[in-house]
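Undergrad: coordinates only, sequence not included:
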């Protein structure tokens, strides 16, 4: 099924059950004239080794907000990957997206001293390769609907950005112009209440879509069997959330929004951040309403609007668990890996990172979750090593 219009994504039916990601019939082929915009941090492993994964996460999230800000009235499909992001756009946003991507690249270089790849690929080029960009919507909460992808098109597009200079953007293409309003990074890192935070990536290996679906259902059932229901293993709950006064955490937002501003502007914004954290905690405890925002329920909304499980041709989870549970899951995944059914990567840390996109404090906010010290980025690196090994065997 293909729906060829600019608002096709808005009109898609919502999946109520995350297990629906394993059913190929739930997906729709994206129109050929749409584009896939991609950002990817270069040298993320080195940044992680230098203790900068929070900054890497912040750059990845800023990529999403800068493009969503081009038209906040429009719902667009996107995925946050830890050290980068993927977002699909209609043709009407192409020129402005190109400027935004260059603006993101400039911000990362000048604000963080980190180089990123940015690129735009027309979906018809992906489809011509034999890969498909198929998408669906999963209803995470009453306020947050998350894009899911399958068909091989998104991983193929990411490989083109990394390997083919033709699709990479640089400043000669256009003038950089990005708006990062809405990005916030003010929560303390969340300690693992059950022992550890685990970032997991699983990808079915080289099978027809129907068989892939069977593999993903098997993995989802096993995760539930080992880690329990969502309310038990999700990485955060309301008691974990505390606004930060730590400049190491607050400065990421400053580097994004004020990378090209003077020291005084950065200093004043830092004061504003710290005051906001103090006032925010008071509002949470008071439970009062201001305007249409119920501050006593805000933390509940944060928990509900997290992206701790997602799918983009790879099953991604951040789970709060213990060492024994991780060992059981790894033993299960290793067995399927040795049978050639899937590849996987796992990274664990004592805490999780939160990076936020705030459109409206009354429900319209999204919170990206990853485990600290490498998270999805190191899990992906481990998975790529397994892919290479499995291809050599086959």
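TA: Happy to help now that I have it. Note that the coordinates shown come from a computational prediction; the quantities given were computed from them, not determined experimentally.
Undergrad: tell me which element the residue lying closest to residue 70 once chain neighbours are set aside is part of?
TA: Closest residue to residue 70 apart from its sequence neighbours, by Cβ to Cβ, 6 or more residues apart in numbering: residue 96 at 4.9 Å. (Glycine included, C-beta is placed from N, CA and C.) In the assignment (DSSP states H and E), residue 96 maps to helix 94-107.
Undergrad: same check, this time on residue 127
TA: Counting by DSSP H and E, residue 127 is found in helix 123-128.
Undergrad: now that helix: buried residues?
TA: Neighbour-count burial for helix 123-128, counted by 16 or more other Cβ atoms under 10 Å, picks out 123, 125-127.
Undergrad: quick check: mean pLDDT of the longest helix anywhere in the chain?
TA: If you go by DSSP state H, the chain has its longest helix at helix 263-286. Mean per-residue pLDDT for helix 263-286: 94.
Undergrad: list the buried residues of that helix.
TA: For helix 263-286, a neighbour-count test (16+ other Cβ under 10 Å) marks 269-270, 273-274, 277, 280, 283-284 as buried.
Undergrad: can you give me the mean pLDDT across the helix or strand following it?
TA: Downstream of helix 263-286, the first helix or strand assigned by DSSP H and E is strand 289-290. Strand 289-290 shows a mean pLDDT of 86.
Undergrad: give me the next element, helix or strand, following strand 289-290.
TA: Next element after strand 289-290 (DSSP H and E): strand 293-294.
Undergrad: partner residues bridging the residue nearest the centre of the chain?
TA: When Cα atoms, centre = their mean is applied to the chain, the residue found nearest the centroid is residue 80 (1.6 Å). As for beta bridges, residue 80 partners with residue 85 under DSSP bridges.
Undergrad: distance of it from residue 56?
TA: Residue 80 is 12 Å from residue 56, where distance means Cβ to Cβ, to the nearest Å.
Undergrad: kindly report the same for residue 152.
TA: 26 Å.
Undergrad: more neighbours, these two?
TA: Taking other Cβ atoms under 10 Å, residue 152 and residue 56 do not tie; residue 56 has more neighbours (28 against 18).
Undergrad: ok, the more buried one - contacts?
TA: 41, 44, 47-48, 82-83, 114, 377 (Cβ atoms under 8 Å, 6 or more residues apart in numbering).
Undergrad: find the nearest non-adjacent residue to residue 140, please.
TA: In space, residue 140 is closest to residue 146, 5.0 Å off (Cβ to Cβ, 6+ apart).
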